[in-house]
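S.K.: I'd like to go over a predicted model; first the sequence, then the structure.
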2 protein chains.
Amino acid sequence: MKETDVEDYLKTLQDKICLAIEQEDGLGKFQEDIWEHHSGGGGRTRLIQNGAVIEKGGVNFSSVQGEVHPRLRKQMNLGENDDVRFTAMGVSIVMHPVNPHVPIIHMNVRYFELNDGTCWFGGGIDLTPHYIVEEDARFFHSRLKSVCNDHHPDFYPEFKKWADDYFFIAHRNETRGVGGIFFDYLKPSTEGSGKNLTKEELFAFLRQVGESFIPIYTSLMNKHKEDSYSEDEKQWQFLRRGRYVEFNLVWDRGTKFGLETNGRIESILMSLPPRAQWEYSHVPEEGSWEAKTLSLLKKGIDWV
Amino acid sequence: MKETDVEDYLKTLQDKICLAIEQEDGLGKFQEDIWEHHSGGGGRTRLIQNGAVIEKGGVNFSSVQGEVHPRLRKQMNLGENDDVRFTAMGVSIVMHPVNPHVPIIHMNVRYFELNDGTCWFGGGIDLTPHYIVEEDARFFHSRLKSVCNDHHPDFYPEFKKWADDYFFIAHRNETRGVGGIFFDYLKPSTEGSGKNLTKEELFAFLRQVGESFIPIYTSLMNKHKEDSYSEDEKQWQFLRRGRYVEFNLVWDRGTKFGLETNGRIESILMSLPPRAQWEYSHVPEEGSWEAKTLSLLKKGIDWV
């Protein structure tokens, strides 16, 4: 398999996901921006706004080339004179729904290749309900566990824990949502966390993660899009979106990397919600659904 | 002069500023939270919400003690076994007004002391108009220049440039607002950027910066609080507040330091606006006040 196989797959994935979201939404349509990156490559940014179900969402494809960033050179023990160029490609998705009972979702699937032949896969998918419904969290994790188990028995437990640790708002001591899976540096064969899988096998895993998005999210959209909600519940959604902003701007490595390396700002920050609020020392009423949600925003819950 | 002199001054400053804001607002009242820091000391957090002029604002005093943070130890060339404790105290203010024609303001005045006797002053004050009014920017900078000039002729040019560089949203390539002054590590006598001023003289400068807040901001509140504004102008305010969030969470050293060192989160994040919005690739109409404002969000403008 070649680099272009991954690229072709990712573009097709982007197309399919946009189509499925539009169909389930029934109103919103994606608009597309094609852009080029200053050091090579570029992307296709697709945005949906003011849909019936999705208030603001992005499904971005990008494939960029460039010199390896100094920080990564150091991690990789490269000399200063080694001429190492990278290709990084991926599809990134964040959906902010109108209805506070439809969860926010995020997925990223990505592939890196260096000109010395080193390559790895990475990605993740996590769910951020404004109101946690345990049945939904169980459904979500069951689907991911089943995807992982088709490829390696260690994948789900390891990647589930990785997601708990990654999607964590340390300064609030709360997880972003109910987690999901996160993985990185999956290298073919004996290296890294790839569990002796070949490049083809890892690519197959990545594809299955990618394919899981549509059935998972369209079913959650469908289940909750007609749920009634109050003005208070909408307010709570704005506060939870504030936390989403805090995670993305303070802790998300991908966002920070993009902002520090002169990436395309509007595509990187498409993950931010259309509207967010902050309220000083907000404490939900004891016994409320909001309080219950907060109590479940912690690491190590075995949802399955 | 003693540490307690600075502490007493800062508390009095907090009291006076809260009173002056309440008077100019005419409706909002500050609520107070007293808290203790896990490693020593604590603070008085004061919040005003839903006033006639101020939608959300904080005037915080804190004085905390603790072990010097590893990063600072390194900067200071301290050995691992040196037992160095610090006292850090300050007043921090951010005001988010209701009316988009009243600017956001921020001020911080602070004092650090180590148990080896080293001490320094720091601070800053900067203005973030949602709509830039050149006359206001000139007034603001003239007042600050006059404060600085009373203490050292280099202060205004140096601290004005420091503010341009500090209050800069690098990933947007725009300044947060029209700047102001920023200074740090003002050490008595020959060390650092203190220009051979004594500790008493530096403290006098800090006090004059602190005293400048009330006349500056109450006059801007008063000048613009009755300005009429449209729904579109309110929307623009929400977008500019989004930029304020980006600066504070991505770039502001004070915020990052607080979040990484287990500070009191609700006091640190009081600087965030009550409501902010993000819109993909928003470009204001050519020739509009919004476009003019964007064009003036750059470093190096000599407002005086």
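M.R.: Looks like it arrived, so ask away. Numbers count the residues shown, from 1 in each chain, chains lettered A, B, ... in the order given.
S.K.: can we go C-alpha only for contacts and neighbour counts from here?
M.R.: Will do.
S.K.: Residue A:65: how many residues sit nearby?
M.R.: 19 (other C-alpha atoms under 10 Å in any protein chain shown).
S.K.: ugh, wrong one, residue A:33
M.R.: Residue A:33: 12 surrounding residues under other C-alpha under 10 Å.
S.K.: Make sure it is actually in contact with residue A:44.
M.R.: Yes. Counting by C-alpha atoms under 8 Å, residue A:44 is a contact partner of residue A:33 at 5.8 Å.
S.K.: Let me see the contact set for residue A:56.
M.R.: A:47-50, A:95-97, A:273-274 (C-alpha atoms under 8 Å, 6 or more residues apart in numbering or on different chains).
S.K.: closest to residue B:189 among the residues you listed?
M.R.: residue A:273 (49.5 Å; C-alpha to C-alpha).
S.K.: Hmm, that closest one is touching residue B:278, no?
M.R.: Yes. The criterion here is C-alpha under 8 Å, and residue A:273 meets it with residue B:278 at 6.5 Å.
S.K.: ok, residue A:31 to chain B distance?
M.R.: Per C-alpha to the nearest C-alpha, to the nearest Å, residue A:31 is found 11 Å from chain B.
S.K.: Kindly report the same for residue A:247.
M.R.: From residue A:247 across to chain B, the span is 9 Å (C-alpha to the nearest C-alpha).
S.K.: Could you do residue A:42 as well?
M.R.: Residue A:42 is 17 Å from chain B, by C-alpha to the nearest C-alpha.
S.K.: same deal with residue A:202?
M.R.: 34 Å.
S.K.: mind listing what's buried in the helix or strand hosting that residue?
M.R.: With secondary structure defined by DSSP states H and E, residue A:202 is part of helix A:199-224. By neighbour count on 16 or more other C-alpha atoms under 10 Å in any protein chain shown, the buried set for helix A:199-224 is A:199, A:202-203, A:205-210, A:213-214, A:216-218, A:220-221.
S.K.: cool, and stretch A:259-278?
M.R.: Neighbour counts over stretch A:259-278 (16+ other C-alpha under 10 Å) mark A:259, A:263-264, A:266-278 as buried.
S.K.: Give me the helices and strands touching whichever strand or helix holds residue A:236, please.
M.R.: Using DSSP H and E, residue A:236 maps to helix A:231-246. Judged by 3 or more C-alpha pairs under 8 Å, 6 or more residues apart in numbering or on different chains; DSSP states H and E, helix A:231-246 is in contact with strand A:275-277.
S.K.: Residues contacting the helix or strand following the strand it packs on, please?
M.R.: Toward the C-terminal end, the helix or strand that comes next after strand A:275-277 (DSSP H and E) is helix A:289-295. Here helix A:289-295 makes contact (C-alpha under 8 Å, 6+ apart) with A:130-132, A:174, A:236, A:283-285.
S.K.: buried sites along the helix holding residue A:236?
M.R.: For helix A:231-246, the neighbour count (16+ other C-alpha under 10 Å) marks A:233-234, A:236-246 as buried.
S.K.: Rounded mean pLDDT for it, please.
M.R.: Averaged over helix A:231-246, pLDDT sits at 98.
S.K.: distance between it and the chain's centre?
M.R.: With C-alpha atoms, centre = their mean, to the nearest Å as the basis, helix A:231-246 stands 19 Å off its chain's centre.
S.K.: For the stretch 51-200 of chain A, which residues are neighbours of chain B?
M.R.: Listed as neighbours of chain B in the stretch 51-200 of chain A under the rule C-alpha under 8 Å from any C-alpha of the partner chain: A:171-172.
S.K.: Looking at the contacts of residue A:56, state which has the most neighbours.
M.R.: The most neighbours of any of these, using other C-alpha under 10 Å, belong to residue A:95, which has 28 neighbours.
S.K.: Helix A:199-224 and whichever strand or helix holds that one, what's the angle between them?
M.R.: Per DSSP H and E, residue A:95 falls inside strand A:85-97. If you take axes from the mean of the first three to the mean of the last three C-alpha atoms, to 10 degrees, strand A:85-97 sits at 10 degrees to helix A:199-224.
S.K.: farthest-separated two in the contacts of helix A:289-295?
M.R.: A:174 and A:285 (18.0 Å).
S.K.: Looking at those two, which has the bigger crowd around it?
M.R.: Ranked by neighbour count (other C-alpha under 10 Å), residue A:174 and residue A:285 place residue A:174 first, with 18 against 10.
S.K.: mind checking the end-to-end distance for stretch A:95-114?
M.R.: One end of stretch A:95-114 sits 31 Å from the other (C-alpha to C-alpha, to the nearest Å).
S.K.: now that stretch: how far from the chain's centre is it?
M.R.: On C-alpha atoms, centre = their mean, the centre of stretch A:95-114 falls 4 Å from that of its chain.
S.K.: Buried ones in it, by neighbour count?
M.R.: Counting neighbours by 16+ other C-alpha under 10 Å, one finds that the buried residues in stretch A:95-114 are A:95-114.
S.K.: Now, these that are in strands?
M.R.: Mapping the buried residues of stretch A:95-114 onto strands (DSSP state E) picks out A:95-97, A:104-114.
S.K.: any idea how far stretch A:94-101 is from the chain center?
M.R.: The mean C-alpha position of stretch A:94-101 is separated from the chain mean by 15 Å, C-alpha atoms, centre = their mean.
S.K.: any residues touching it, and which ones?
M.R.: A:52-59, A:103-107, A:129-131, A:224-225, A:227, A:229, A:233-234, A:237, A:270-271, A:273-274.
S.K.: try 7 Å this time
M.R.: A:53-59, A:104-107, A:130-131, A:224-225, A:227, A:233-234, A:237, A:271, A:273 (C-alpha atoms under 7 Å, 6 or more residues apart in numbering or on different chains).
S.K.: Dump the contacts of residue A:56 to JSON lines, plus pLDDT.
M.R.: JSON lines is the format used below for those (pLDDT from 0 to 100):
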{"residue": "A:47", "pLDDT": "97"}
{"residue": "A:48", "pLDDT": "97"}
{"residue": "A:49", "pLDDT": "96"}
{"residue": "A:50", "pLDDT": "97"}
{"residue": "A:95", "pLDDT": "98"}
{"residue": "A:96", "pLDDT": "98"}
{"residue": "A:97", "pLDDT": "98"}
{"residue": "A:273", "pLDDT": "98"}
{"residue": "A:274", "pLDDT": "97"}
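S.K.: which one of those residues is nearest residue B:255?
M.R.: Using C-alpha to C-alpha, the contacts of residue A:56 come closest to residue B:255 at residue A:273, 21.3 Å.
S.K.: Tell me which residues touch the closest one, please.
M.R.: Residue A:273 neighbours (C-alpha under 7 Å, 6+ apart): A:56, A:96, A:241, B:278.
S.K.: if you set the cut-off to 10 Å instead, what comes out?
M.R.: A:55-57, A:94-97, A:104, A:238, A:241-242, A:244-245, B:276-279 (C-alpha atoms under 10 Å, 6 or more residues apart in numbering or on different chains).
S.K.: Check residue A:189 too.
M.R.: A:195-199, A:201-202.
S.K.: same question, residue A:51
M.R.: A:21-22, A:25-30, A:57, A:97-98.
S.K.: Check which helix or strand the residue in the stretch 1-150 of chain A positioned nearest to chain B maps to.
M.R.: Among all residues of the stretch 1-150 of chain A, residue A:47 sits closest to chain B, at 8.2 Å; criterion: C-alpha to the nearest C-alpha. Per DSSP H and E, residue A:47 falls inside strand A:41-49.
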